[in-house]
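Participant: Just to be clear, the model below is a prediction. Sequence and coordinates:
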Amino acid sequence: MAVIMVEERFDPPIDLSEGSPVADKVSPCLPVYDVHWLSSYISTDGTKCVCVYEAADAETVRRVYRTAEVAFLDVWAASPLHRREGDAPA
């Protein structure tokens, strides 16, 4: 399984206090394609989000988003970058 990143943009910004409209649509499709959600990070202004999944490949995650009819900006496979002990944060 690969780590797959999905970049999303929102206009108007989303308000997570009202729940995640993306998660509500995407979550039911994940098991169909054997994709596992790992984490998500949303900008403080609610306009950008990066979601991290584990899947066979980036195209599989694209299929999930297309099936759920959720727009995405970009989808790509990623490798973890680990900071060495004592290094300052980037």
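Facilitator: Perfect, I can see it now. In this text, all values refer to a predicted model and were calculated from it rather than measured experimentally.
Participant: Which secondary structure elements does the helix or strand harbouring residue 62 sit against?
Facilitator: Under the criterion of DSSP states H and E, residue 62 resides in helix 58-68. Helix 58-68 is packed against strand 2-9, helix 21-26, strand 48-55, strand 74-78, with contacts defined by 3 or more CB pairs under 8 Å, 6 or more residues apart in numbering; DSSP states H and E. Bear in mind the C-beta positions are built from the backbone N, C-alpha and C, glycine included.
Participant: By mean pLDDT, show me the worst of those.
Facilitator: If the helices and strands packed on helix 58-68 are sorted by mean pLDDT, helix 21-26 sits at the bottom with a mean of 90.
Participant: residues contacting residue 10?
Facilitator: Applying CB atoms under 8 Å, 6 or more residues apart in numbering to residue 10 gives the contacts 46-49.
Participant: hmm, back to that, would you convert the helices and strands packed on helix 58-68 into CSV that also reports mean neighbour count?
Facilitator: As requested, those are arranged in CSV below (neighbours: other CB atoms under 10 Å):
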stretch, mean neighbour count
strand 2-9, 18
helix 21-26, 16
strand 48-55, 19
strand 74-78, 14
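Participant: Cool, thanks, talk later.
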